[in-house]
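Novice: can't give you the sequence, but here's the structure:
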């Protein structure tokens, strides 16, 4: 057996037909990294909507009296049937149903809670990575390098472990692209098989839209490419894709007013700047945030220069790697999410640009980059090592740095420590009792006494419920407009009560002690 020293591993990463062991090793690394992220990162704002929707408590009614965290979690436990999930989505959400239906079925096998729900996303993420390897083989690109670069993209790793519909949409999209590339491949599949592949690919692209509406951008780009490559196959693919759209459109129409004001109004310059920032973040993560304040602009500029250089490598080596027609598809698919978001913003006067939305583009960027690096000959291994090193630092930050995590877990644990066994922790109800409240409740130790403070609660309401406790800790989680308003009212109530004084302040927390 050939020794697997560093030079051999790098050569296998850049090979068009690598040793199967190197591909398996990349998939094994993906399982490890995504599983660690799923188990070690705290529950997030949007995951609250996922977890409550699938238990039948889309808009929970929290107790108006103090209760332990374990008791509060028990009030929102349970299961929900597929029809109820669909009804809740139509009346109070902005997402299609396929992911939530799939997760509901998964929870009956794996159980409830954040980690179990994230396990499904990890499976989808590993499947998506395997499909990146399939597309690379079909496009004469190095599969192992493409997979490793995709895994290293912060945006891909992020959406491949959180309990939201992005990972399912990603694996369906990549499956659709792989089938359509295979239908038009160089091995000239038989006419009936090619048509079957095109229809299957269109159906998967349509199903991706039923998991996340934004998957439509890549679906449309892929079908435009298929029209250019083979009008005959396009007819089958577009009909299969279109068959899924009426269901998605019916949900979209019902939900169109559910999240008014979620994003700022559209401004072209601000939108392009935000797009560039998050596109860079989707590939290289939040590395500037980890640097000391004075060094942040330097790190940001260096990463921007690195990304620009990588883009120029792809452009300069365009004619020297992969299958030319497939490269065009990859470029269209990489450009579709940012261009689609700009078009969406212009059409609806909003700026719907977030890093996780741009994660859809990362596999296609990675495929092109892997091909360009392969074409550089002896310089390729060094460039690959540099890119992977930057990405490794980015993923390490995702797993370990507080700047890459939402504050609910850290705040919940610190609040429990400050309150002690006989204190009370107050958390704002927020906009709807989900995004702010549920992650904090989910991450609190079982015995922590919690009080969910509803919007509009006055000082007298709070005073009656905090009177029995010698200490009170307010979680300063102003994560939406309603929670920020509630926090101001809560703290002003404590300040006006002569029996309470500030005992300690920490990140996202303020502790009061009763001395009357």
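Specialist: Happy to help now that I have it. This one's a predicted model, so the numbers in the text were calculated from it and none came from an experiment. Numbering: from 1, shown residues only.
Novice: wait, is residue 457 part of a helix?
Specialist: No: with the criterion set as DSSP: H, G, I helix; E, B strand; the rest coil, the secondary structure at residue 457 is coil rather than a helix.
Novice: which residues touch it?
Specialist: When contacts are counted by C-beta atoms under 8 Å, 6 or more residues apart in numbering, residue 457 is found next to 486, 489, 490. Heads up, the C-betas are built off the backbone N, CA and C, glycines and all.
Novice: per-residue confidence for it?
Specialist: At residue 457, the model reports a pLDDT of 88.
Novice: so what does it have for phi and psi?
Specialist: When read as degrees, to the nearest 10, the backbone of residue 457 gives phi -70, psi 130.
Novice: next one: it from residue 95, what distance?
Specialist: Taking C-beta to C-beta, to the nearest Å as the measure, residue 457 falls 30 Å from residue 95.
Novice: just the contacts of residue 457: which are in helices?
Specialist: Mapping the contacts of residue 457 onto helices (DSSP state H) picks out 486, 489, 490.
Novice: tell me the domain boundaries of this structure?
Specialist: Here the domain assignment for the chain is 6-40+113-256+263-402, 408-514, based on automatic domain parsing.
Novice: may I see these arranged in a markdown table, with distance to residue 105 as well?
Specialist: Written out in a markdown table, the entries for the domains of the chain read as follows (distance: least, C-beta to C-beta, whole Å):
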| stretch | distance to residue 105 |
| --- | --- |
| domain 6-40+113-256+263-402 | 9 |
| domain 408-514 | 21 |
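Novice: among those domains, which is nearest residue 73?
Specialist: domain 408-514 (6.1 Å; C-beta to C-beta).
Novice: could you give the mean pLDDT of stretch 399-414?
Specialist: Rounded to a whole number, the mean pLDDT of stretch 399-414 is 95.
Novice: return the distance of it from the chain's centre.
Specialist: Relative to the chain's own centre, stretch 399-414 is displaced by 17 Å; criterion: C-alpha atoms, centre = their mean, to the nearest Å.
Novice: quick one: end-to-end length of that stretch, please.
Specialist: Between the opening and closing residues of stretch 399-414 lies a distance of 19 Å (C-alpha to C-alpha, to the nearest Å).
Novice: what sits up against that stretch?
Specialist: Applying C-beta under 8 Å, 6+ apart, the contact partners of stretch 399-414 are 33, 36-37, 40-45, 285-286, 289-290, 397-398, 425, 439-445, 448, 475-477, 506-509.
Novice: give the buried residues for it.
Specialist: Taking 16 or more other C-beta atoms under 10 Å as the basis for neighbour counts, the residues of stretch 399-414 that come out buried are 404, 405, 406, 407, 408, 409, 410, 411, 412, 414.
Novice: ok, now stretch 211-224?
Specialist: By neighbour count with 16+ other C-beta under 10 Å, stretch 211-224 contains the buried residues 211-223.
Novice: distance from stretch 436-444 to the middle of the chain?
Specialist: That offset, for stretch 436-444, works out to 19 Å (C-alpha atoms, centre = their mean).
Novice: sorry, that was for stretch 148-165
Specialist: In this view, stretch 148-165 has its centroid 7 Å away from the chain centroid, taken as C-alpha atoms, centre = their mean.
Novice: same deal with stretch 184-195?
Specialist: On the basis of C-alpha atoms, centre = their mean, stretch 184-195 is displaced by 35 Å from the centre of the chain it belongs to.
Novice: and what of stretch 125-142?
Specialist: Average the C-alpha atoms of stretch 125-142, do the same for its chain, and the two points are 20 Å apart (C-alpha atoms, centre = their mean).
Novice: try stretch 200-215
Specialist: Distance of stretch 200-215 from its chain centroid, counting by C-alpha atoms, centre = their mean, is 17 Å.
Novice: which stretches of the stretch 201-350 of the chain form helices?
Specialist: With helices called from DSSP state H, counting those that start in this stretch, the stretch 201-350 of the chain shows them at 216-229, 231-255, 268-284, 287-290, 296-316, 324-348.
Novice: can you say which of those helices is nearest to residue 418?
Specialist: Among those, helix 287-290 comes nearest to residue 418, with 26.2 Å by C-beta to C-beta.
Novice: tell me the pLDDT at the residue nearest to residue 470 when sequence neighbours are not counted?
Specialist: In this structure, residue 470 finds its nearest non-sequential neighbour in residue 514, 5.2 Å apart by C-beta to C-beta, 6 or more residues apart in numbering. For residue 514, the model assigns a pLDDT of 92.
Novice: any idea how far residue 499 is from residue 514?
Specialist: Using C-beta to C-beta, we find residue 514 at a distance of 5 Å from residue 499.
Novice: who has more neighbours out of these two?
Specialist: residue 514 (17 against 13; other C-beta atoms under 10 Å).
Novice: go ahead and confirm that one touches residue 497.
Specialist: No: Residue 514 is beyond contact range of residue 497, at 9.0 Å (criterion: C-beta atoms under 8 Å).
Novice: verify the stated contact: residue 163 with residue 47.
Specialist: Yes: counting by C-beta under 8 Å, residue 163 sits close enough to residue 47 to count as a contact (4.6 Å).
Novice: what do the two both touch?
Specialist: 114, 117.
Novice: show me the shaky parts of the chain.
Specialist: Judged against pLDDT under 70, the low-scoring parts of the chain cover residues 1-7, 257-262.
Novice: how close does the spatially most central residue of it sit to residue 334?
Specialist: When the chain is reduced to its mean C-alpha position, the nearest residue by C-alpha atoms, centre = their mean turns out to be residue 159, at 2.9 Å. Distance of residue 159 to residue 334, given as C-beta to C-beta: 16 Å.
Novice: check residue 490 too.
Specialist: 46 Å.
Novice: before we move on, what about residue 47?
Specialist: 27 Å.
Novice: re earlier: which one of the buried residues of stretch 211-224 sits closest to residue 253?
Specialist: Nearest to residue 253 among the buried residues of stretch 211-224 is residue 213, at 11.6 Å by C-beta to C-beta.
Novice: my guess is the closest one contacts residue 97, does it?
Specialist: No: look at residue 213 against residue 97 with C-beta under 8 Å: they stay out of range, at 11.5 Å.
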